Each structure stands twice: as structure tokens, then as C-alpha cells.
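>>> Next comes the sequence, and after it the predicted model I'd like to discuss.
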Amino acid sequence: MNVISLLTDFGDKDNFVGVMKAVILSINPQAKIIDISHNINPQDIIAAGFLLKNSFRYFPSNTVHLVVVDPGVGTKRRPILVRTKDYYFVGPDNGVLSLALEDEVIQAIFEITQDRYFLKPVSDTFHGRDIFAPVAAYLSLGRKSENFGKRISSIKQLNFPKPRRLKNKLKGKIIYIDHFGNLITNITKDIFTHFVGDYGFKMCIAGKEITKISHSYLEGKKNEPLAIFGSFGNLEISLPKACAKEYLSADKATPIEIIKTDRKI
Amino acid sequence: MNVISLLTDFGDKDNFVGVMKAVILSINPQAKIIDISHNINPQDIIAAGFLLKNSFRYFPSNTVHLVVVDPGVGTKRRPILVRTKDYYFVGPDNGVLSLALEDEVIQAIFEITQDRYFLKPVSDTFHGRDIFAPVAAYLSLGRKSENFGKRISSIKQLNFPKPRRLKNKLKGKIIYIDHFGNLITNITKDIFTHFVGDYGFKMCIAGKEITKISHSYLEGKKNEPLAIFGSFGNLEISLPKACAKEYLSADKATPIEIIKTDRKI
Amino acid sequence: MNVISLLTDFGDKDNFVGVMKAVILSINPQAKIIDISHNINPQDIIAAGFLLKNSFRYFPSNTVHLVVVDPGVGTKRRPILVRTKDYYFVGPDNGVLSLALEDEVIQAIFEITQDRYFLKPVSDTFHGRDIFAPVAAYLSLGRKSENFGKRISSIKQLNFPKPRRLKNKLKGKIIYIDHFGNLITNITKDIFTHFVGDYGFKMCIAGKEITKISHSYLEGKKNEPLAIFGSFGNLEISLPKACAKEYLSADKATPIEIIKTDRKI
């Protein structure tokens, strides 16, 4: 139980991430720390929640997932610790953990209050270093979650946009854009398959139509957007050897519509 | 004694940092390497010195702090090794280590000259790989610092700007800007408290006035800059949910003035 | 045999690299993973091949070098594993491994076909996670390379531009530009020395002339480009305390000519 994953919006210019790792290693010299990302947009709780949801299951059991996207640091938002069947999650109670936890069996939730585990003096601005990193480190040493605070019954939920169904239309939107400019929608493979069944379909995004699902980013012609179920498990819009975001002038929240045709295929 | 911290201006595009780590692991397979930052501006010795000063104490005792911000590589600037009560520091003698060492009890300083520890042939341009990484790796294995060269008595000092006091004014400046656009001044909490005492104050920066110290980045209104003692221990100017650097058109060296009022508070 | 190097074009914004590391640690908890780079330009197989060639030898013997620059993921390009005297190389058969392998004694090449090692279901878009990371992890555990697939006899070669000699001229080009804006040519020290012998020379690049080899990035005057054999072992064009790329408006593929004079020196 030595793995700690780290997901923040701290960027890679400052010493914030390095200092958190130093604090962790000072407490648990055997900790293995894996970065999920530190380069989501500042304070983008939705992007962090989405990446966490799509990452946590690949880690070994008992990994401590430490998330510090924390615009409310220094306010009354609670620091929390969630124990599930397979993992621990540590972070601020601002919804950032909620998407991942939808898929997990929660065993207990704690508000972190036991300041004997904190780095003193606790600063107003960097609870990642002073509260969250030490708690994650002690957890990774095997300290029981009951030690860190008092049980609470629920956490804040993120308002994550779900696709809407209207008769023969499924209305989704772009929720994440990856490094390559692929446009990731909020339409999962399950939702898509259930909606379309064995009928034909067309998709409309940014004035373009797509009528099939591809199986490689290289399928199709230049400047012809394609749709593919990417590694997030969601429908992605991509462009062969190019950047779909730029070509389609699309961005987060750009709508996409799936229209079911009358014909079975 | 297996932890090595790494602070460079090598960026994250090339293979420079990876190669240094490969060299370290080839010598000490047990080394745990923690990145402080590789994304300070090229050759910005002051930023590197400032980050080192604000990071080194969070690491376990006996950590080897390896700093390669080295515009003078290939010239006669000396490679040095400094042993303090708690840490080792390795890097070029261009002042980059001096800020951190102000706070440490120095036990011995060495010019690194023993080329039997170097990677051969030593290149003209990459002493990080050929000299500094191997020396740090052998130190982390427990090799005594006396082995690496000859004792010297002093190192180059960085010309770091200190705030100046003029009657009822304290004149400081922005010395670092973090990833979020927070403006970090050279006014530490100690300097501020000692100057203000129990009198009121106002701060002027970029044409704006601030009259109190906040305790969260979210305090106050939109487009109202706030002052806070941030995680560096220094006075920072920030903007709720926005980027102070942009809003105030401020940059490194932008001046800030604290004016003490006549009234006690 | 626990070291795995990682070289991708995945950037540092998404969770792709973190997830590959999670997959590796789930299989081999003792693996030590070193990043070479994740920030080469998307799908730039030549840059990745060049960085790999200039990195792999600094790693301990038996390191598994894992390269995922893979525009053809989901097409019929083969996933391969190459065993050399000192290392293992894992990646797509698109030429990205070929530059490094020019310098190695190849012992065996395998097409990776044994899907019992894969993460299921194998996605269309992320073989880094589903195929390459698990294979690298099992290799690092000591699993024999024969287990992963069937022997093949050759791999795809990269079309890497070599300098051409025309009488008293050597015509090269810029093949890589580092973080500092130094322009790295395809002229190695060996090629240069062999061509020039003990004659004088001048170099022409972007309308400027250079007539000597420098030994530090600081040699010479402001706005005077200098030539130096950099850490890649290749001729580099640099500018003292400034960015040669910008000043010379040079880019990848910008030509450079070495002209040998009549006079011995």
C-alpha cells in the first residue's frame, strides 16, 4: 500500500508539486508517487474530476488518490478522505472526487480534522502541502482512515453535464479536449449503443456530419472529421493527422447531436 | 540517504532531465529522484535560487539538492558541493545556491575537481549529465564529500533584491510570479510585521490600493486585488478566481509600496 | 532489471502517461520509470527517434525502453519488441526505434501478438496503455522476450536525413531544436572532423557565417551565432544568452553548409 497518485492544477513551473512529494517522502520513504496530471486549467474541477474518473482504476489496489484542485483553500470547504472497497481518495470537498466515486463502493467518508497529522503552521494557501500530502502519506503507511477525523455522510457532487435524449435525438456536448485536439464528448459507448440500437445514425457537430464509427485516428480523408470511441470510453471527434479542435473551431461545451434514422442497419 | 532533488531550466521537451536521471540510476539504483522544477525561465538564476530556498527544507535529511541552471557551462565557473548540517547542495558556483544557504549552517564547501567521478568524455555543454548528476549520485550512495575535490572558503552570492525602508514607507517589488498569476513580493511576513507593528497600513501596486491582509484567495470582490501571505511565506498579490499578473499588467520587478498610517489598530 | 524509460508524444495535460505508469506498477510494483520526454510534437517520429538514440545508452543495462509515438494506432502497423545486447525496446513498428538500433547489436525482433499480456478490452486508440505498457512491465519482471510473440526479421527504417558531401561542401540541415532554441544539425562530430581534416572552414546558415568551433555557449559577442558540439554529439548553432532559433528565423530543415577552404590550419 505504497502508491500515491497525484492530480493537481499546480502546473509545472513552480515548486508546488515537488514540495508535496518531499513532504510525502519525509513521512513515507517507501512511497511511490505517480503523477496523473498537473496541467489541467487552473481551478477546473470538472476536468480534474473527469481525469480522475478515467484514471483511478488502472492503479494497484489501495492506492491513495490525492487530488488538489482547490480554489476554496483557506475558506470553510472541508478537507475529506473517502475509503472505498479498493482505494483511498483525499482532497477538498468541492465535488472533484464525486465523478470517480460514482463508480465505487464507498465504505466511509471522513472530514479531515486531526491536525496532529498536519504540517505546522498550516498556511492559508497551500493545504496540498500542509494537510493533504501528509494525510495521504500516513494513509500510505497503513494508518487507519478513522484516525484522521470524523465520519460524515455525504460529499459535494459535481454538476457534470449528461447527454439529453429528445425523441430521435441525443444531445451531448464536448467536455474535454486532449493534447492532440481530439474532442471528447459526454456520450459514453453505453449511452450511444443503447440509444442507437440497430438503427442508422448521423452525428452533427460544428456544421459537419459524420455517419459511422471509426476504429483508427487515421481512417478517412484529410479534413474529414471522424468519430471514434477513444481511451476514455467516450465518443471522440478527431481529424486524421490533424487537430479537430482547431479545424472545427470547437471548444468545451460545443454541442453534438446524434440523430437516429428510420432504417435498421 | 537516497533522495535527490532536481531543479533545472531544461524544460520538458528535450531528453536532458531524463538523461540525468538515467545517469543517477546507473550509479545508485536505489536513488529516489524528486523534481522541484524544470520550467523556470532559461538561465533565470534568481527564480531557481528562490524556488530552492522555498523547497529544500521540506525534503528528508541528507537529501542531495542538485541544481543545474548553468548559463556559464564550459567557462571557468566552478562546479561546487556544499555540505550543511542537514543537506548536500550540488551545482555551478553562480549564486544559484546562495539564497538557500543563507538559512543553513554550512559545514564545508568543495570545488568539484575529482574527474574520476565524471562521465567521460566531459562535454562542453552538459555538465548536468557529465559532472553534477554523477557527483549527486555518488553522494547519495554515501561517498564522503571530501572525495570530490578541494575545500574552498566561500561561494558566489546572488544579488537578490531586498525591500528598502524609507521613513513610513516600505518599498518592495515582485520577484516571482506563480502558475496562477499570483504576484509574489520580496516582503516576507517577518519584514512586514516588524515594519507595520500595530499601525494601520495601505499597499500600492500598479495603481491599486489594498488595506488589509486576506486569508483566502477567494476573499473580496471580483477585480479587487487582495494581499495574502502565501505558501512562500512572502506577501502575495492575488485576484479572486482570476490572474493578478494579467489584470494588473504586473511583471517581475513591478514595485509595491507599503505605507504605514498614523493610527494604531 | 527494473528500469523502464518512457518516451511519448502524449504531452503533460492529460492522464495518458499517468495511466501507463499505473498499469506498469500494477504488474511490477518494483519498476522504476524514468521519463525521457512526453513533449515532442504530436506524431513527430523523427524527433522521438533522435531523442531515443541520444538517451538510451545512459540507462542501466537491461532497461526496457518504451516508446509510444504512434499515429497508426488501430491500423495494421505492428507492435514490436527488440532485444539487443544491453537493452529492450518496445513500441510501434513505424521507424521510431530504428535510429537507436543503428548503434546496437540486435539479438532478436518480435512482433507482439500474445494477447494474454494485454489489458482487455484492447482499445482502438491507446495501445500505450493496453499493449505496450503491460509488455514493458512483464519484460521488466524478467519474462523472456520469446513469450510475447513471433520472431520477425526486420523493422521499418526511419528516413532520417544525412548530410551530403559535394566536393568541398558539406550540406546538412537542422534536425532538432532544443528548449533553449539551439539549432541541432545532422552533422556529427565524426562527420565534421572527417570532412574538414586539417583545413580551414566556414559555415553558412541563414545568411550568417561562422568560422570556428566554440567551447561554451557564452563565447563570442551578442548577436553573433556560434557553432559548438553540443551534448547530442552533433554540431549546434547557438547564440550567447539568447535564442538562435528566433534570431536566425531558423527552423527544422533549415540548411547549413560547411565549406572547406584551401588552407591548412
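Nice, thanks for sending it over.
>>> shouldn't A:Asn94 be in contact with A:Ile45?
Yes - counting by Cβ atoms under 8 Å, A:Ile45 is a contact partner of A:Asn94 at 5.9 Å. The C-beta positions use only the backbone N, C-alpha and C, and glycine is treated the same way.
>>> so what sits against both of those two?
Common contacts of A:Asn94 and A:Ile45, defined by Cβ atoms under 8 Å, 6 or more residues apart in numbering or on different chains, comprise A:Val69, A:Pro71.
>>> does any part of the longest helix seen in chain A sit near chain B?
Secondary structure assigned by DSSP state H gives helix A:16-27 as the longest helix of chain A. Yes - contact between helix A:16-27 and chain B, assessed by Cβ under 8 Å from any Cβ of the partner chain, occurs at A:Phe16, A:Val17, A:Gly18, A:Val19, A:Lys21, A:Ala22, A:Val23, A:Leu25, A:Ser26.
>>> Can you flag the buried ones in the residues you listed?
A:Phe16, A:Val17, A:Gly18, A:Val19, A:Lys21, A:Ala22, A:Val23, A:Leu25, A:Ser26 (16 or more other Cβ atoms under 10 Å in any protein chain shown).
>>> What about chain C: which of these touch it?
Answer for these near chain C: none qualify (Cβ under 8 Å from any Cβ).
>>> returning to what we had before: contacts made by the longest helix of chain A with the rest, please.
Taking contacts as Cβ under 8 Å, 6+ apart, the residues outside helix A:16-27 that touch it are A:4, A:6, A:8, A:10, A:31, A:33, A:35, A:38, A:68, A:119, A:126, A:128-129, A:132-134, A:136-138, A:140-141, B:3, B:5, B:32, B:34-37, B:54-55, B:58-60, B:63, B:178-179, B:231.
>>> Near chain C, list only the ones from those residues.
Counting by Cβ under 8 Å from any Cβ, A:Asp35, A:His38 from the contacts of helix A:16-27 sit close to chain C.
>>> Please spell out the ChimeraX selection for the buried subset of the contacts of helix A:16-27.
To isolate in ChimeraX the members of these that are buried, counting by 16+ other Cβ under 10 Å, one can use:
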select /A:4,6,8,10,31,33,35,38,68,119,126,128,129,132,133,134,136,137,138,140 /B:3,5,32,34,35,36,37,54,55,58,59,60,63,178,179,231
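>>> In strands, which of the contacts of helix A:16-27 fall?
A:4, A:6, A:8, A:33, A:35, A:68, B:3, B:5, B:32, B:34-37 (DSSP state E).
>>> Dump those residues to a markdown table, plus pLDDT.
A markdown table is the format used below for these (pLDDT from 0 to 100):
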| residue | pLDDT |
| --- | --- |
| A:Ile4 | 98 |
| A:Leu6 | 98 |
| A:Thr8 | 98 |
| A:Ile33 | 98 |
| A:Asp35 | 98 |
| A:Val68 | 98 |
| B:Val3 | 98 |
| B:Ser5 | 98 |
| B:Lys32 | 97 |
| B:Ile34 | 98 |
| B:Asp35 | 98 |
| B:Ile36 | 98 |
| B:Ser37 | 98 |
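>>> which of these lies closest to chain C?
Chain C has its nearest neighbour among those in A:Asp35, at 5.6 Å by Cβ to the nearest Cβ.
>>> which residue sits closest to the residue in the stretch 51-200 of chain A that chain C sits nearest to, ignoring its sequence neighbours?
Relative to chain C, the nearest point of the stretch 51-200 of chain A is A:His179 (3.4 Å; Cβ to the nearest Cβ). Closest residue in space to A:His179, ignoring its immediate chain neighbours: C:Gly11 at 3.4 Å, by Cβ to Cβ, 6 or more residues apart in numbering or on different chains.
>>> residues near the one you found, how many?
C:Gly11 has 19 neighbours, counted by other Cβ atoms under 10 Å in any protein chain shown.
>>> That one touches C:His38, doesn't it?
Yes - assessed by Cβ under 8 Å, C:Gly11 is found in contact with C:His38 at 6.0 Å.
>>> Next one: A:Val96 from A:Val67, what distance?
Taking Cβ to Cβ, to the nearest Å as the measure, A:Val96 falls 5 Å from A:Val67.
>>> Around chain C, pick out the residues from chain A.
Selection of chain A residues close to chain C by Cβ under 8 Å from any Cβ yields A:2-3, A:5, A:7, A:12, A:32, A:34-40, A:51, A:54-55, A:58-60, A:63, A:178-180, A:214-219, A:228-231, A:236, A:241.
>>> Looking at those, which are in helices?
Among the residues of chain A next to chain C, the members that lie in helices (by DSSP H) are A:Leu51.
>>> any idea how far the residue in the stretch 151-265 of chain A positioned nearest to chain B is from C:Asp12?
Here the stretch 151-265 of chain A gets closest to chain B at one residue, A:His179, 12.9 Å apart by Cβ to the nearest Cβ. Distance from A:His179 to C:Asp12, counting by Cβ to Cβ: 8 Å.
>>> now A:Gly233
22 Å.
>>> These two: who's more crowded?
Just comparing A:Gly233 and C:Asp12: by other Cβ under 10 Å the higher neighbour count belongs to C:Asp12, 19 against 14.
>>> Not counting sequence-adjacent ones, nearest residue to the more buried one?
A:Asn39 (5.1 Å).
>>> Can you read off the pLDDT for the one you found?
pLDDT recorded at A:Asn39 is 96.
>>> residues contacting the nearest residue to A:Phe180 once chain neighbours are set aside?
In space, A:Phe180 comes closest to C:Pro42 once its chain neighbours are excluded; the distance is 5.4 Å by Cβ to Cβ, 6+ apart. Counting by Cβ under 8 Å, 6+ apart, C:Pro42 makes contact with A:His179, A:Phe180, C:Asp9, C:Gly11.
>>> Contact partners for the second one?
Pointing back at A:Phe180 there. Residues near A:Phe180 by Cβ under 8 Å, 6+ apart: A:Ser238, A:Cys243, C:Gly11, C:Pro42.
>>> Now tabulate these in CSV and tack on pLDDT and secondary structure.
Shown next, in CSV, are these (pLDDT from 0 to 100; DSSP: H, G, I helix; E, B strand; the rest coil):
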residue, pLDDT, secondary structure
A:Ser238, 96, strand
A:Cys243, 94, coil
C:Gly11, 97, coil
C:Pro42, 92, coil
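>>> Grab the two from these that are most spread out in space.
A:Ser238 and C:Gly11 (15.5 Å; Cβ to Cβ).
>>> so where's chain A uncertain?
Flagging of chain A using pLDDT under 70 yields the residue ranges A:1.
>>> Show me which residues of it sit near chain B.
A:10-19, A:21-23, A:25-26, A:29, A:42-43, A:71-75, A:123-126, A:129.
>>> who's the closest residue to A:Gly220 other than its chain neighbours bridged to?
Sequence neighbours aside, A:Leu226 is the residue nearest to A:Gly220 in space, at 4.9 Å (criterion: Cβ to Cβ, 6+ apart). Using DSSP bridges, the bridge partners assigned to A:Leu226 are A:Ser238.
>>> Go ahead and confirm A:Leu226 touches A:Ser238.
Yes - look at A:Leu226 against A:Ser238 with Cβ under 8 Å: they come within range, at 5.5 Å.
>>> Who has more neighbours out of the two?
Neighbour comparison, A:Leu226 and A:Ser238: the larger count goes to A:Ser238, with 27 against 21 (by other Cβ under 10 Å).
>>> now that we're looking at the more buried one, which residues does it contact?
Counting by Cβ under 8 Å, 6+ apart, A:Ser238 makes contact with A:Phe180, A:Asn182, A:Leu183, A:Ser214, A:Tyr217, A:Pro225, A:Leu226, A:Ala227, A:Ile228, A:Gly230, A:Ala244.
>>> Enumerate every residue touching the residue of the stretch 51-200 of chain A closest to chain C.
C:Phe10, C:Gly11, C:Lys13, C:Asp14, C:Phe16, C:Pro42.
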